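Asker: got a predicted structure plus its sequence, pasted below:
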Amino acid sequence: MLFRAYDPERDQDAVRRIWREIGWLRPGQEEIIDLYIGAIQAHVAEVNGQAECLVLTAPGTARYLDDMLPLCAVAAVATSRVVRRQGFATRLTARAIAERAAAGDAIAGLGMFEQGFYNRLGMGTGSYEHQISFDPARLMIQGRPRIPKRFAAEDWKKLHQARLRRRLGHGAVSLTPAIITRAETLEDGPKGFGLGFCDGPDDAISHYVWLLAENAGRGPYHVRWMAYQTGEQFLDLLGVIKSLGDQVLRVTMQEPAHIMFQDLVEQPFKQSRMTRHTNWETGVRGSAWWQCRILDMERCLAATTVCGDALAFNLALTDPIADYLPEDAPWRGVAGDYVIALAETSSACPGHDPALPTLEATVNAFSRLWLGVRPASGLAVSDGLRGPGSLIDALDRVLRLPEPHVDWPL
């Protein structure tokens, strides 16, 4: 068994086979997968001369309050049928993350297939994301909609730039390589299309929605993503979606971080009751499908700003990722003792101050606390966070953050 970088000439056929075996590769999409893999960092585990496990990481950024932090996105973890439950995926993912941490990324994030597997790498579960299903004709958007422009896969460069310029809330993620948007639009094939506007300088795309039509007639249509910079632009796009409602019966989308979408739908409870157990069911479903972790304690705490009273404490931090890394890895996690200062300018310094109370935490739980997924009092019940009651209460008072939402399909 050998862990190494992906070599397209050597590994292309084997990696395609892995993706077929796990059901990720549909006939005719081989070149799309090759395009995607070639644009980002790829690592394989080789067994008996063949690549049998693949891990992809993509560079990006994540917004934390008013700061932008360098992000390592674990874009894919794929294991063939012959090496399941051998630990290859865990160790290969740990090495890929360690490489990015050593290169300067401050946090890592991923979309999980199930809660628990990536916890062993220090990942903590993120916020609930709401999936909204609605009849577009029931959107309470007034006036005649603007006439949008059509966008297609060949517009991928402009589409990607508009995604990067979109409104970013706390926790919002952007993946940097434009090939990612190209691959996503190509993957949707003729069922995918964009509608939007070019109000930017030099006729740049200012705001748009990318949709996937499962059935071009009645729907459902899925909003794969939206890109807009202002509330007015968001309403522009909802007006476009509403205009489809004379034919399309159902649209699904992820609720934007700063909007309660129910405010914009006419009689949401009545519509939910009327469509229950039909193919056009409307309503809201929530799931916490993404995870994240801190890679650089000093950098992440430096981005933290709190209002009101300052708070200082010791942090005894454990990090399970070290168990899956070789002794000579360039980075072996963030376990250790820190003195944490939360204030207008916060910090994390290695050491221990006997005059301060001590918080014990896994990096999983502390990452969730730092990001604002849940308060300390909740994590003390459900995750690996322990400390004096007075310290837990003080953390609840001082560390009040907006709920994070990634706003990108990791």
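Answerer: Yes, it's here.

Asker: all helices for the stretch 251-400 of the chain, in order.
Answerer: Assigned by DSSP state H, counting those that start in this stretch, the stretch 251-400 of the chain shows helices spanning 268-275, 297-302, 363-371, 376-382, 389-398.

Asker: deepest in the core, which of the ones you listed is it.
Answerer: helix 363-371 (a mean of 26; mean count of other CB atoms under 10 Å). C-beta coordinates here come from the backbone N, C-alpha and C atoms, glycine included.

Asker: what residues does stretch 300-314 touch?
Answerer: The contact list for stretch 300-314 (CB atoms under 8 Å, 6 or more residues apart in numbering) reads 64-67, 69, 106-107, 294, 337-348, 352-353, 356-359, 370, 387, 391, 394-395, 397-400.

Asker: taking these, please make a PyMOL selection of just the buried ones.
Answerer: Selection of buried members from the contacts of stretch 300-314 for PyMOL, criterion 16 or more other CB atoms under 10 Å:
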select buried, resi 64+69+106+107+294+338+339+340+341+342+343+346+347+348+356+358+359+370+387+391+394+395+398+399
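
Asker: pLDDT weak spots in the protein?
Answerer: Nowhere does the chain drop to pLDDT under 70.

Asker: quickly list the domain ranges of it.
Answerer: Domain assignment for the chain, taken from automatic domain parsing, gives 2-105, 130-287, 290-398.

Asker: redo these as JSON lines? Include distance to residue 124.
Answerer: Shown next, in JSON lines, are those (distance: least, CB to CB, whole Å):
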{"stretch": "domain 2-105", "distance to residue 124": "14"}
{"stretch": "domain 130-287", "distance to residue 124": "13"}
{"stretch": "domain 290-398", "distance to residue 124": "4"}
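
Asker: closest to residue 404 out of those domains?
Answerer: Across the domains of the chain, residue 404 has its closest neighbour in domain 130-287 (2.6 Å, CB to CB).

Asker: now the end-to-end length of the closest one.
Answerer: 7 Å (CA to CA, to the nearest Å).

Asker: ditto for stretch 309-327
Answerer: 41 Å.

Asker: and for stretch 137-150?
Answerer: End-to-end span of stretch 137-150 (CA to CA): 21 Å.

Asker: from now on call the first residue 38
Answerer: OK, 38 is where the count begins now, so the last one is stretch 174-187.

Asker: any buried residues in that stretch, and which?
Answerer: 174-176, 178, 182, 185.

Asker: just flag the most distant two among these.
Answerer: Top of the distance list for these (CB to CB): 175 and 185, 20.2 Å.

Asker: now the phi/psi pair for the closest residue to residue 61 other than its chain neighbours, please.
Answerer: Once flanking residues are discounted, residue 61 sits nearest to residue 115: 6.7 Å by CB to CB, 6 or more residues apart in numbering. Per-residue torsions, residue 115: phi -130, psi 130 (degrees, to the nearest 10).

Asker: picking that back up, wait, which of the domains of the chain is closest to residue 152?
Answerer: Nearest to residue 152 among the domains of the chain is domain 327-435; the distance by CB to CB comes to 8.0 Å.

Asker: how long is the closest one from one end to the other?
Answerer: With CA to CA as the measure, domain 327-435 spans 25 Å from end to end.

Asker: same deal with stretch 68-87?
Answerer: One end of stretch 68-87 to the other measures 20 Å (CA to CA).

Asker: would you mark the buried spots in that stretch?
Answerer: Residues of stretch 68-87 classed as buried: 69-70, 72-74, 76-84, 87 (neighbour count, 16+ other CB under 10 Å).

Asker: do the same with stretch 346-362
Answerer: Neighbour count says stretch 346-362 has 348-352, 354-359, 361-362 buried, by 16+ other CB under 10 Å.

Asker: present these as CSV; the columns should include distance to residue 319.
Answerer: What follows is the buried residues of stretch 346-362, written out as CSV (distance: CB to CB, whole Å):
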residue, distance to residue 319
348, 44
349, 49
350, 46
351, 50
352, 45
354, 44
355, 44
356, 43
357, 41
358, 42
359, 47
361, 43
362, 47
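
Asker: now, those that are in strands?
Answerer: The strands, defined by DSSP state E, take in 348-352, 354-355 from these.

Asker: quick one: residue 399 and residue 420 touch, right?
Answerer: Yes: counting by CB atoms under 8 Å, residue 399 does reach residue 420; the two are 7.3 Å apart.

Asker: which neighbours do the two share?
Answerer: Residues touching both residue 399 and residue 420 (CB under 8 Å, 6+ apart): residue 161.

Asker: give the other helices and strands that the lengthiest strand in the chain contacts.
Answerer: Under DSSP E, the strand in the chain containing the largest number of residues is strand 87-101. Applying 3 or more CB pairs under 8 Å, 6 or more residues apart in numbering; DSSP states H and E, we find strand 87-101 packed against helix 45-58, helix 67-76, strand 78-84, strand 104-116, helix 125-139, strand 210-212.

Asker: redo these as a markdown table? Include distance to residue 168.
Answerer: Formatted as a markdown table, those follow (distance: least, CB to CB, whole Å):
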| stretch | distance to residue 168 |
| --- | --- |
| helix 45-58 | 26 |
| helix 67-76 | 24 |
| strand 78-84 | 30 |
| strand 104-116 | 21 |
| helix 125-139 | 27 |
| strand 210-212 | 18 |
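
Asker: these: which one's closest to residue 276?
Answerer: Residue 276 lies closest to strand 210-212 among the helices and strands packed on strand 87-101, at 25.6 Å (CB to CB).

Asker: direction included, what does the closest one pair against?
Answerer: With DSSP bridges as the test, strand 210-212 is paired with strand 87-101 (antiparallel).

Asker: gap between the strand it pairs with and the chain center?
Answerer: Remark: strand 87-101 is offset 12 Å from the chain centroid, using CA atoms, centre = their mean, to the nearest Å.

Asker: go on, stretch 178-194?
Answerer: 25 Å.

Asker: show residues contacting it.
Answerer: Here stretch 178-194 makes contact (CB under 8 Å, 6+ apart) with 195-196, 215, 218-219, 222-223, 225, 229-235, 242, 245, 247, 272-273, 275-277, 279-280, 301.

Asker: please apply the same query to stretch 220-232.
Answerer: With CB under 8 Å, 6+ apart as the test, stretch 220-232 has contacts from 66, 69-70, 72-73, 76, 185-190, 192-193, 196, 245-251, 253, 261, 274, 277, 446.
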